[in-house]
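**Q** generate coordinates for the sequence data below:
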Amino acid sequence: VVVLAVLAYGVWRCALRRSGVSYTRMFRAAVWVFLLAAAASVFVAVSKPLALYALARLGLGITLAFAVSALVRREPKAFTASLWALALAAAAEAVIAISQFMAQGAIGLRLLGESPISAFDPATSKVAAAGSALVRAYGTFPHPNVLGAFLVLGFIAACALWLRVDWQPAIAAWRAGKPNRRMVMKKLLGSILVACCLLPVAFALALTFSRTAWFVAVLAAGALVFSGLLTRGLWRRGASLLVLLAAIAVLVIVPLRPFLAPRAAISTGERAVADRITYNRVGIELIKTHPLLGVGIGNHVLTAAQSGLFERFGIARTKPWQWQPTHNVYLLAASEIGVAGALAFVVFLIVALGGAIANLLERRQHNDYDHDRGIVLSAVIVMLSSLLLFAFVDHYLWTLAQGQLMLWLSVGLVLGARRIPPAVP
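**A** Model prediction:
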């Protein structure tokens, strides 16, 4: 709660420019402190090769973010292309995920990264519903929760693309007696394609049974809908998106209600919640004992296992598959690279997100405000904000390649939408 409050306050201050601090300098300082803290943590790591590997992956992620930022600054159309790529990729993953749920196992896409999931495999993630244990949808990701985060990004992208479809020019031409059939067909096909992306993505999102993904998707969709409704000249598009999402929600919830209803309830006593609390306690203990440099980037689980922390918190040595990182990226970062490095990471995200919001707010004050550009900026802001919410309850944005790609791609898009230069001298 404290971290969330700090993030929200920092973004608000950055967006409204209510401080005399140079945000450019703050951004650069945060990047350097973050990288130096991660590099310094290698020297105290139990496994230095593992730490070097994790550091290299972090470096590649940050490089990707700056490369994406430079690309979208030079080619503004790359923003829209990124949204289409995410929406179509999410739709493809959704088809795979739905097929897996129907088959209750893998569908033979191992070459594409599909996990060997099976209803008879105890390691496969399942959910109790309709009187049986159902296999959750994985897609080509290592876990349903990771798939859920990716589907949320695709869902946001598809919603933004729907908002970009402007029917007013075609309607005006029709009323003037000069209908432009090419324009009408282009917009109609675009709308159909977006709707064909949204529907399977919504179904697959439900079949991941990831409650965090459900919650974040609702918040993200609400943010985009209200952004459309409250923006002058966009209320019709916002209303049409609201109607579309309401229809999709009915189509998804009604047939899947017997499976979704048991999962909708949440209790602090259930295993998923209790395990996260335990893993977070392990992370807090590591922060207390290694506050300066952490235990070494990528060495959280290894250090906790060797020091007996898992056993101390009730995770038996006979079940090493339960040895997992802290399910909170902010605590995990602090435990691995130290408190200073984690704070620098948070400041880096705050300034990046706040700068993008400031850019959007400034554009809205102009009379020649470009609605399409504003929609794209809103979408990338909502994407990164969504991932920062996921970071409170899971670790894959820090530890898994798929999660790192999602995080740094979103960071790159947001950096490209900021006013201050993202490059570090």
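**Q** just give the nearest non-adjacent residue to A45, would you?
**A** G296 (2.4 Å; C-beta to C-beta, 6 or more residues apart in numbering). To be clear about C-beta, it is placed using only N, CA and C from the backbone, and glycine gets the same treatment.
**Q** for this protein, give me the ranges with low pLDDT.
**A** Filtered on pLDDT under 70, the chain yields the residue ranges 1-23, 130, 166-184, 268, 316-321, 363-370, 418-425.
**Q** for it, what's the longest helix?
**A** helix 329-364 (DSSP state H).
**Q** tell me which other helices or strands that one touches.
**A** helix 2-16, helix 23-40, helix 271-289, helix 300-306, helix 371-390, helix 396-399, helix 401-416 (3 or more C-beta pairs under 8 Å, 6 or more residues apart in numbering; DSSP states H and E).
**Q** right, so of those, which gets closest to L256?
**A** For L256, the closest of these is helix 271-289, at 19.6 Å, according to C-beta to C-beta.
**Q** re the thing from before, I'd like the helices and strands packed on helix 329-364 laid out as a markdown table, including distance to L88 and mean neighbour count.
**A** Shown next, in a markdown table, are those (distance: least, C-beta to C-beta, whole Å; neighbours: other C-beta atoms under 10 Å):
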| stretch | distance to L88 | mean neighbour count |
| --- | --- | --- |
| helix 2-16 | 30 | 15 |
| helix 23-40 | 32 | 19 |
| helix 271-289 | 31 | 17 |
| helix 300-306 | 35 | 20 |
| helix 371-390 | 15 | 23 |
| helix 396-399 | 22 | 23 |
| helix 401-416 | 15 | 23 |
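**Q** tell me which of the ones you listed lies nearest to L245.
**A** Using C-beta to C-beta as the criterion, the shortest distance between L245 and these is 14.1 Å, found for helix 371-390.
**Q** what's that closest one packed up against?
**A** For helix 371-390, the packing partners by 3+ C-beta pairs under 8 Å, 6+ apart come out as helix 77-103, helix 144-164, helix 211-229, helix 329-364, helix 401-416.
**Q** other SSEs contacting the second one?
**A** Translated: helix 144-164. Using 3+ C-beta pairs under 8 Å, 6+ apart as the contact definition, the elements that helix 144-164 packs against are helix 77-103, helix 181-207, helix 211-229, helix 235-264, helix 371-390, helix 396-399, helix 401-416.
**Q** again, only using 7 Å
**A** Counting contacts by 3 or more C-beta pairs under 7 Å, 6 or more residues apart in numbering; DSSP states H and E, helix 144-164 is packed against helix 77-103, helix 181-207, helix 211-229, helix 235-264, helix 371-390, helix 401-416.
**Q** next: the first one.
**A** In terms of contact count using 3+ C-beta pairs under 7 Å, 6+ apart, helix 77-103 is assigned the packing partners helix 48-74, helix 144-164, helix 181-207, helix 371-390.
**Q** make it 8 Å
**A** Where contact means 3+ C-beta pairs under 8 Å, 6+ apart, helix 77-103 is packed against helix 48-74, strand 132-135, helix 144-164, helix 181-207, helix 371-390, helix 401-416.
**Q** related to what we said a few turns ago, distance to A123 added to the helices and strands packed on helix 144-164, as JSON lines?
**A** Formatted as JSON lines, these follow (distance: least, C-beta to C-beta, whole Å):
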{"stretch": "helix 77-103", "distance to A123": "15"}
{"stretch": "helix 181-207", "distance to A123": "19"}
{"stretch": "helix 211-229", "distance to A123": "21"}
{"stretch": "helix 235-264", "distance to A123": "20"}
{"stretch": "helix 371-390", "distance to A123": "23"}
{"stretch": "helix 401-416", "distance to A123": "18"}
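**Q** between those helices, which gets nearest to G308?
**A** Distances from G308 to each of the helices and strands packed on helix 144-164 were compared using C-beta to C-beta; the minimum, 28.0 Å, belongs to helix 401-416.
**Q** mind listing residues that contact that closest one?
**A** Residues outside helix 401-416 that contact it (C-beta atoms under 8 Å, 6 or more residues apart in numbering) are 57-58, 61-62, 64-73, 79, 82, 141-142, 146, 149-150, 153, 349, 352-353, 356, 380-381, 383-384, 387, 395-398, 422.
**Q** could you redo the last one with a cut-off of 6 Å?
**A** Here helix 401-416 makes contact (C-beta atoms under 6 Å, 6 or more residues apart in numbering) with 61, 64-65, 68-69, 72-73, 141, 146, 352, 356, 380, 383-384, 387, 396-397, 422.
**Q** got the angle for the longest helix of the chain vs helix 48-74?
**A** When axes from the mean of the first three to the mean of the last three C-alpha atoms, to 10 degrees is applied, the directions of helix 329-364 and helix 48-74 differ by 10 degrees.
**Q** got the buried residues for helix 329-364?
**A** Neighbour-count burial for helix 329-364 flags 329-360, 363 (criterion: 16 or more other C-beta atoms under 10 Å).
**Q** quick one: buried residues of stretch 72-79?
**A** Buried residues in stretch 72-79, counted by 16+ other C-beta under 10 Å: V72, R73, A78, F79.
**Q** who's in contact with the last one?
**A** Counting by C-beta under 6 Å, 6+ apart, F79 touches V72, V376.
**Q** now do the first one
**A** Counting by C-beta under 6 Å, 6+ apart, V72 makes contact with A78, F79, G416.
**Q** about what we covered before: so how far is the longest helix of the chain from its chain's centroid?
**A** Centroid separation between helix 329-364 and its chain, computed with C-alpha atoms, centre = their mean, to the nearest Å, is 14 Å.
**Q** go on, stretch 152-163?
**A** Once both centres are worked out by C-alpha atoms, centre = their mean, stretch 152-163 turns out to sit 13 Å from its chain's centre.
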